[in-house]
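*Asks:* Turn this into a structure:
(5 chains)
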Amino acid sequence: MSNYLYILWIPLLPLATFVVLGLFGRKYFAKTAGIISTASLLTSTILSFVAAKQYFFLDGKVNGVYQKIIALKYTWLQFSPNVSIDMGVIVDPISVMMLIVVTSVSLMVHVFSLGYMKGEERFATYYAFLSLFTFSMLGLILSVNIFQVYMFWELVGVSSFLLIGYYFNKPSAVAASKKAFIVTRFADLGFLIGIMIMGFYGGTLDIGLLIEKFTSAQSPEFLSITSASFLGASMLTWGLTLIFMGGAGKSAMFPLHIWLPDAMEGPTPVSALIHAATMVVAGVYLVARLFPIFSMDEAALTIVTYVGAFSALLAAIIACTQTDIKRVLAYSTMSQIGYMMFALGISKNGGENGLGYMASMFHLFTHAFFKSLLFLGAGSVIHMVHSNEMKDMGGLRKLMPITHAAFLIACLAIAGIPPFAGFFSKEEILTAAFHENKLIYGVALFTAALTSFYMFRLYFNIFWSKEAPAKAHSAGHDDAHDHGEGTWTMKLPLIILAACAVGVGFIPFSQFITSDGAALETHIDMVFSIAPVALSIIAILLSASFYKKENTKSDKAVAVFGGFYRAANKKFYVDELYLFITKKIVFPLIGQPIAWADRNIVDGFILLLASTTAKISSAIKGLQSGKVQNYALYFFGGVLALSVLFIYIWK
Amino acid sequence: MNTSAIIFYAIATLILGAALLAVTTLKIFRSAIWLLFSLVGIAALYFWMQVEFIAAIQIVVYVGGIVVLIIFSIFLTQQSGKEMAKPATSKIIFSALAALLGIAFTFNLINHYGFNTLSSQPFNTSVSEIGTQMLSTTSHGFILPFEVVSMLLLAAMVGCIVIAMKPTSADIVHLNKKED
Amino acid sequence: MNEVPLTHILFLSTALFFIGMYGLFTRRNLITMLMSIELMLNSVNINFVAFNKYLFPDKLDGLFFSLFIITIAAAEAAVAIAIIINLYRSHQSIDVDDATEMKF
Amino acid sequence: MNLSLLILLPLLTALLILLSKQLAQIRIIGLAGALAQLGTASWLLKLYMDQRAAGNTATHLFESNAVWFKALNINYHIGIDGIALAMILLTSLIVVAGILVSWTMEKLSKEYFFLLVLLSMGAYGFFISLDLFTLFFFLEVAVIPKFLLIGIWGSGKKENSAMKLALMLMAGSALVFVGLMGIYYNTHTFDMVEIGKMGMSLGVQKFFFPFLFLGFGIFAALFPFHTWVPDGHASAPTAASMFLAGISMKLGGYGCLRMAALMPDAAHSYSWIIILLATIAIIYGAFATMMQTDLKYINAYSSISHCGFVILGIGMLNKTSINGAVIQMVSHGLMTALFFAAIGMIYSRTHTRMVVQLGGLLKAMPFISTVFVIAGLCSLGLPGFSGFVAEMTVFMGSWQNPDGVYRAATVISAASIVVTAVYILRATGRTIMGPISDEHALLSDASWNEKLAAGLLIIGILIIGLAPFLINQLIMPSTDFLMININKAITLK
Amino acid sequence: MSSNIFILLRQELLLSLLIFILLFIKIGKERSNESILNLINGLLVVNLAAGLFGMSEGGIFNGMFTTNAFIVLEKNILNLALLIISMQSYAWLKNHKQLAEFYLLIFTSLLGMFFMISSGNLLMFYLGLEMSTISLAAAANFDLAKRKSSEAAMKLILSSAFSSGILLMGISFLYGTTGTLSFDVLTAHITNNPMQIFAFILLVSGFAFKISAVPFHLWTADVYEGSPVAVTAFLSVVSKAAVLFTFTSILYKVFTPIATVWYSVLVVLSIATILIGNLFAIRQDNFKRFLAFSSIAQVGFILIGISGSSQAGSASLVYFVLIYVFSNLAAFGVVSVVSALAGKENISDFKGFYKTNPFLAWVLTIALFSLAGVPPTAGFFGKLFLMMAGAAKNNYGLIIFASLNMVVSFYYYLKVVKAIFMDENETPIQKLSIPKITQLAMYICIAGIIITGLASLVYDYIYSLSIGI
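*Replies:* Residues are numbered from 1 along each chain as shown, chains lettered A, B, ... in the order given. Got it, this is the predicted structure:
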């Protein structure tokens, strides 16, 4: 199917932008960098829409089932005859869907940044990094080979590292970037080993072949991998779990989530792009990509489910207690991704039972829009207030009406209030959960309520609670272009995304993206929907009563929860735990001893040899006494010794 | 046990006794004299072995040459009659031990080997015989060694002269200069 | 003609040799050390002559050897004494333990 | 094409340098010579590829065999296969970079460049020789220049480091020599090709292989004989560090590889020890690096860790892993040379290598910082750079070994990538990022020669990193040849 | 016979001729030292040249004097060494009063060595040995007013007299047990009965003393340090080489019946020699002493080579000696120039030497590298071939020991290099003006060091001439 080859341009254009800006940006494109990369990205966006149209509506469907199409495949690095890393382009429902998501959100962010990052010293570098990220994310999406996934996985990681550390002279930013990279790297180790297990038993690294081999219960590969077991679990479980570990790292699932909140040190548009819409869902995408294999192994799926659910709940609880608006959003992201994860976890492969899968993808889709919208909104707020802290905000609705409106829409969307996008996807997930696993369903429900609570806590704290502040706020800073919400380049994305947040829910998603590619009939069951929606509304009212006006109700609530609140506010001390392990165990108990041993024992031994030789030589210097008589004596001694030796001993 | 045997043992005692005294007495002049006796004894031994020529050479070269040389050098280097420094007892013990060990070892070997003397051909050592062999180039001729030794003696002579010659003040000066 | 076995003569020479060696080890006066060396050489001479006379009388190798040894001993002694005198000039002593500047 | 050119060129350059008078002249000659080497090497690559494409399946190409010491059956037998060629290319690239980096060397510059070129000559000779005696000869030729380079132009306690390095390397070559004697008196030839044909009895192999492998291992920083590496690298002047880590450590790896191919039975029966040592070196080096505060020490220790991968790959004795080992050699050579170059540039400006005294250099010297970051990312195995390709190949290769112990070794080694990330990011975060001190803020960025040097190395890294199939194409056929012997040995078990 | 006697004896006769010329020079009218030196050097060149052509072999004086191409080659090497030494000691001899006598003694010594090398008979061997020793002992005293010089001479003459006493004892017992002095006959009568082994060991100890193998080496350092550099060089290179040649040929020709015994004797000696030599060399500061001990260690390696007792063994010995002539004399050349012109003989004085005298520094460094056995210098090949010859006996323990000791030796050689190049020194040796002729000698040495190794034809030539057991 070579007529999809043009898809190759979608990732390559950003790459080109990166190369150009990276090499010459500082010198030649210091001002125009934004325009250039936005333009190139716009092209790829259009291309991806074209691709989507072609795939979904023209030739993607063969007798009712969407095909997996390998548009391109090139052997990049041969390991052994049939194990190799291939570079390629896969076209199937989720990859096309992701193309849309990534390109459009990225485009929005590019546009937004035009205003937001204006006048930055390393403006060009910023756009270079953005393009690099976009390229790697697209490459990740289009991977045909699990090792290709891993490669772009790493690239995504490093570009996120670079973007988080964009304000490189801010120590906190540096620390955050390091943390993000190392934590994800640790997860990737699992991913790598998982790949090796898969590759070893599957005899290939090609995703298609792997799925083929591991989904037919009779294939020798399947038998060998399931029969081989380590520590009681089958190798399949190990492989999948380790791969999921990689996914969990990128998608900030518990316990590998600690990097995400700190990652908010980066510029806000970056958070919108990477840490809300695209990179963090890579984990979900990975699981979805390998879903047929996952579905062959209950254990792995269960792990996915419970990790996802627990993360969703935990994040939601923590989110209620944070005061830094970006951190709140970060935790909400984590919570939403948890949703997607457990949705996958409870799903089966194919048919009606594939609902979870479809729902998760759907939520991924919708979430991308309203969450990036939230972030961009927060961005413009921060851009105006020059602070992330809620206490510095309040009553901004008059100063920035558009932002206010957009933000409200987004909040409603995420809270799952019909008819906003979030409602539909969330409904599907809840339905799936309800059918599969009541416990999960309960958790999901509670989380949903919490979500609407903290989202509106955020909303009210930003736009209401206090009186509209005097212009003093904005008079404080000296940006030339400062009037309210900033330039149109910052407003436009908000508007577009808001539109999406309202609109995308109505897409008949199940027609396009299902676990097996065949369309799936779904319907919103009004009765079923009552409970979640009602809960959300109650939560919203509650937070309104707490935060709409400045009052002490919230403090009372805090007092009620007491210790639990403090724990939640301290993110349940997970960070501290990690710090303890690294600072108190790894460095002093492994690193330093080894470094010491190397200097003193290993090297010391070598030095000892040398010094001993010197000692001996000065110890025996007496032989050379300078007395010729002694010399003669030794001489004769030698003669005697030799004679005795060879006449009596060595006969 | 006939007379010749008795003579031999007498000579042997003379040689060894004199030698022993020569290496132990503390008066350097005396030790020179004892050495003289010991050498004369060896000459006597040669006579006893009926190798008169060697005996004569022994007398001439050693008694007449070396010992005289030694005595002169003693006169040159120190006043006679003065006691020499006594060697350290530890050194005496070790040296004696070494020497005795050596003696024992060699005796033992000689015993085991037991040079049995069977041949009793005449042993012609007439001076003329020696002379002809010394200067003949045919087999059993020792002309080459003879020449070589002459070169050696020349070199030795030159060396002695150069070394023993009292250096003129001039040399001292420039040598000292070189010695910095 | 002789009842004295060769071995006894060898014993004599050996004893003389080691007496000389003893002297070399113990004497501190260079000249006496030289004397001891002369003793050693003489013992060797005795060896050669004895061997020649009693074992291989057909040729005169041993005899000649001893002759040359005597000659060389003379030369050696001469040079040695020259050196000793020179040493005495520079050290004002012919005690071997005074000439131990160079060691270790 | 006559391979001796690779020896003659440096020789000629060295002589010209000796004859030349003033600094400018010396530099020009040095650079010209280095470029000539690079040209020759690339030309060689082209010819080689053509030959292969033309279907020439001989193990070694461009062979020439001249009798050297007839009486002892010592021949000057040279020829290259893909592996050797890869090494030659690496060497020539690093030589150019090294010359460029030391462009501003004022102190005794004539001698300095002379020794650099001499060192490169040793390396070339080593890589092209097929006769063990010639091999040994060139191995030792490459040692003494290091001693002088470090001792005269070095920094810190240079004399001790130089002495330690020279002695440990000499001890290594002494062991190698013993092994050679063993081989010689059991096969009566030094010719690797013939020996490969003849083979040796298991007993002989098992007795002499350890000498050879340890001997070369010392060159390749095999644990626990690696202690010359940190001091040596840290004290050496920039170019010398580049040569040390980039070229001379490779001599060791290459030698180990050849020996393993020459004595496959022994290699097979000792493989577990090799793998054990390699794994220790990898993880131990990584953790030791984590604790260093001097940039050069950081890189030196990381070299120990990275060279561990080479040994691991060889120890696993299968095609993929050996491939990986070779690629790792090349990649590590380029990467670590780049790293040292960057460190040298930083040091020459700030006059400190202590991480704690640096910071925020990205502001003052963006180019150098970028180079530094690139080297770092390559060393932590980021896709797109050579490090990733090499390490992954090694991992995939060693993972093919289903035995549990080997699996454990692989996983432990793989775990080192996390530690690597930690120390690289620590170093980067402390020196490149963060606030910059006032006196450093005014420093200048890289000069043209430094830019050129770094550029060359980065290009090399990228070529391998982005198009690994190229280097695979070069190496794979030769690894197949190696594997023939080895597989015989393994199946024989 | 008388026809070819001149050809067979030509090297010896030429040397004797030189000696007489010296006598005439002495008794003739007063000449300036320079003119005499130039004359002598010229003559030496002739002498060397004369040896190079007309190889012929045979024995005269019924086998007391034998020669063949190999022996001629050995003598040529010694001639070459002598020439180089005399060129290098130019600076020292220029203002020495008795240089004629000095040369006379040295020549006589060399003549003795020649006779020793081609001796076919124990008597000739002994005479040659004594001839070389006595005149050398006299020469050792030629820094007449130096305390050290006379001390050295005293030590040399006494200990060598003692050793020759022991040697003679051995010879006498050999004679007593076999009844002959000529080597050809001797071989037939050699058995391994204790008496003969004892005699053999006495003989070997005499040799070991001359080549200063442990434990018979103790005189070496002191004598080297005390005597004039020229004599030291002569001792360390020429006399050692001559004795080694003789030793090897006697071992290979005469004592074949007890080869196993002398093999183990050599192994023991070599191990002791290498070890002690290295251990003492490490801690020396006086350059001549340092070279003394290093040369002791070298002898250890040589013994290993000889122990191979093959054609390669004797070939590698001669090859190594040739290389050793170049390397060691280059080193001694620098030392002699420095000690003659700057009066400094300590390694610590050489700190910062490179800054003031780059040429000398390079010569010294290359020489040291060659001694240490670093490629591409010839020393590398020399040492390796010795060890290869030794390894032929499959005694790998010995080889391992030796090669590890090579590392130790590297340490002290590199220490000197370090002093020359790396150490700082506020009062370095001032810039020295080297006599042209000495410079020439150094160039010859360097050329030799480079060429002898890389040009394999040298070794192949030697190998073609040499003989094994």
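
*Asks:* Now do the helix or strand where A:Ser271 lies, average pLDDT.
*Replies:* Using DSSP states H and E, A:Ser271 falls within helix A:268-272. In this model, helix A:268-272 has a mean pLDDT of 87.

*Asks:* Pretty sure A:Trp88 sits in a helix.
*Replies:* Check again: residue A:88 is Gly, not Trp. No: using DSSP: H, G, I helix; E, B strand; the rest coil, the secondary structure at A:Gly88 is strand, not a helix.

*Asks:* And residue 70, what's its pLDDT?
*Replies:* Here I'm looking at chain A. So, for A:Ile70, pLDDT stands at 86.

*Asks:* Not quite, go with chain E.
*Replies:* The model's pLDDT for E:Phe70 equals 90.

*Asks:* Go ahead and confirm it touches E:Ser466.
*Replies:* Yes: under the criterion of Cβ atoms under 8 Å, E:Phe70 makes contact with E:Ser466 at 5.8 Å. In short, each C-beta sits where N, CA and C put it, glycine included.

*Asks:* Neighbour count for the two, which is higher?
*Replies:* Using other Cβ atoms under 10 Å in any protein chain shown as the criterion, E:Phe70 and E:Ser466 rank with E:Ser466 on top: 24 against 21.

*Asks:* Now do the more buried one against chain A, distance only.
*Replies:* Per Cβ to the nearest Cβ, to the nearest Å, E:Ser466 is found 27 Å from chain A.

*Asks:* rewinding a little: what residues do E:Phe70 and E:Ser466 have in common as contacts?
*Replies:* Common neighbours of E:Phe70 and E:Ser466 (criterion: Cβ atoms under 8 Å, 6 or more residues apart in numbering or on different chains): E:314, E:318.

*Asks:* ok, C:Ile46 - contacts?
*Replies:* B:42, B:45, C:9, C:12-13, C:16.

*Asks:* ah, wrong one, I meant E:Thr191
*Replies:* E:257-258.

*Asks:* Please identify which helix or strand holds it.
*Replies:* Using DSSP H and E, E:Thr191 falls outside every helix and strand.

*Asks:* Pull out the buried residues from the helix or strand bottoming out on mean pLDDT in chain E.
*Replies:* Taking mean pLDDT, DSSP states H and E as the measure, the helix or strand of chain E with the lowest value is helix E:2-8, at a mean of 72. For helix E:2-8, a neighbour-count test (16 or more other Cβ atoms under 10 Å in any protein chain shown) marks E:Leu8 as buried.

*Asks:* Other residues contacting the helix or strand following that helix?
*Replies:* Next along the chain after helix E:2-8, taking DSSP H and E as the criterion, comes helix E:10-27. If you take Cβ under 8 Å, 6+ apart as the criterion, helix E:10-27 is touched by B:151, B:154, E:6, E:31, E:36, E:39-40, E:43-44, E:46-47, E:50-51, E:54, E:72, E:75-76, E:79, E:100-101, E:103-104, E:107-108, E:110-111, E:114-115.

*Asks:* Is stretch C:51-71 in proximity to chain B?
*Replies:* Yes: among the residues of stretch C:51-71, C:51-61, C:63-64, C:66-68, C:70-71 lie within reach of chain B under Cβ under 8 Å from any Cβ of the partner chain.

*Asks:* Show the pLDDT at the residue of chain D found nearest chain B.
*Replies:* Ranking the residues of chain D by distance to chain B (Cβ to the nearest Cβ) places D:Glu159 first, at 29.3 Å. On pLDDT, D:Glu159 comes in at 90.

*Asks:* which residue of chain D sits farthest from its center?
*Replies:* D:Asp438 (38.0 Å; Cα atoms, centre = their mean).

*Asks:* what stretches of the stretch 51-200 of chain E score poorly on pLDDT?
*Replies:* The stretch 51-200 of chain E contains residues with pLDDT under 70 at E:54-55.

*Asks:* Spell out which parts of it neighbour chain C.
*Replies:* Contact residues, the stretch 51-200 of chain E versus chain C (Cβ under 8 Å from any Cβ): E:122-123, E:126-127, E:130, E:134, E:137-138, E:141, E:144-148, E:150-155, E:157-158, E:161-162, E:165, E:168-169, E:171-173, E:175-176, E:179-181.

*Asks:* could the contacts of C:Ile46 be laid out in CSV, adding distance to chain E, neighbour count and pLDDT?
*Replies:* Below are the contacts of C:Ile46 laid out as CSV (distance: Cβ to the nearest Cβ, whole Å; neighbours: other Cβ atoms under 10 Å in any protein chain shown; pLDDT from 0 to 100):
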residue, distance to chain E, neighbour count, pLDDT
B:Ile42, 15, 30, 95
B:Leu45, 15, 27, 93
C:Ile9, 11, 24, 91
C:Leu12, 13, 24, 94
C:Ser13, 8, 29, 94
C:Leu16, 11, 27, 95
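
*Asks:* What's the PyMOL line that selects buried ones from the residues of stretch C:51-71 next to chain B?
*Replies:* Selecting only the buried entries of those in PyMOL, with 16+ other Cβ under 10 Å as the criterion:
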select buried, chain C and resi 51+52+53+54+55+56+57+60+61+63+64+66+67+68+70+71
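
*Asks:* out of the contacts of helix E:10-27, which are buried?
*Replies:* Using 16+ other Cβ under 10 Å, the buried ones in the contacts of helix E:10-27 are B:151, B:154, E:36, E:40, E:43-44, E:47, E:50-51, E:72, E:75-76, E:79, E:100-101, E:103-104, E:107-108, E:110-111, E:114-115.

*Asks:* hmm, stretch D:359-373 in reach of chain A?
*Replies:* Yes: for stretch D:359-373 and chain A, the contact criterion (Cβ under 8 Å from any Cβ) is met by D:360, D:362-363, D:366.

*Asks:* Out of those residues, who's the most crowded?
*Replies:* D:Leu362 (24 neighbours).

*Asks:* isn't D:Glu450 right next to D:Ile346, touching?
*Replies:* No: with contact defined as Cβ under 8 Å, D:Glu450 does not reach D:Ile346; the gap is 10.7 Å.

*Asks:* any residues in contact with both of the two?
*Replies:* Common neighbours of D:Glu450 and D:Ile346 (Cβ under 8 Å, 6+ apart) are D:Ile368.

*Asks:* residues contacting D:Ser437?
*Replies:* D:357, D:359-360.

*Asks:* Kindly apply the preceding question to C:Phe104 instead.
*Replies:* Per Cβ under 8 Å, 6+ apart, neighbours of C:Phe104: A:621, A:624, A:626, E:283.

*Asks:* from the middle of its chain, how far away would the helix holding A:Ser271 be?
*Replies:* 13 Å (Cα atoms, centre = their mean, to the nearest Å).

*Asks:* Quick one: residues in contact with that helix.
*Replies:* A:105, A:108-109, A:112-113, A:116-117, A:130, A:163-164, A:166, A:263-264, A:326, A:329-330, A:371-372, A:375-376, A:378-379, A:382-383.

*Asks:* export it as PDB, just CAs?
*Replies:* Taking Å, rounded to 0.1, in the frame of the first residue of the first chain, the C-alpha atoms of helix A:268-272 are listed here in PDB:
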ATOM      1  CA  THR A 268       3.600  25.800  30.300                       C
ATOM      2  CA  PRO A 269       3.000  25.100  26.600                       C
ATOM      3  CA  VAL A 270       5.500  22.300  26.900                       C
ATOM      4  CA  SER A 271       3.500  20.900  29.800                       C
ATOM      5  CA  ALA A 272       0.400  21.200  27.600                       C
END
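
*Asks:* how about that helix: buried residues?
*Replies:* A:268-272.

*Asks:* Likewise for stretch D:238-245?
*Replies:* Within stretch D:238-245, the residues that count as buried by 16+ other Cβ under 10 Å are D:238-245.
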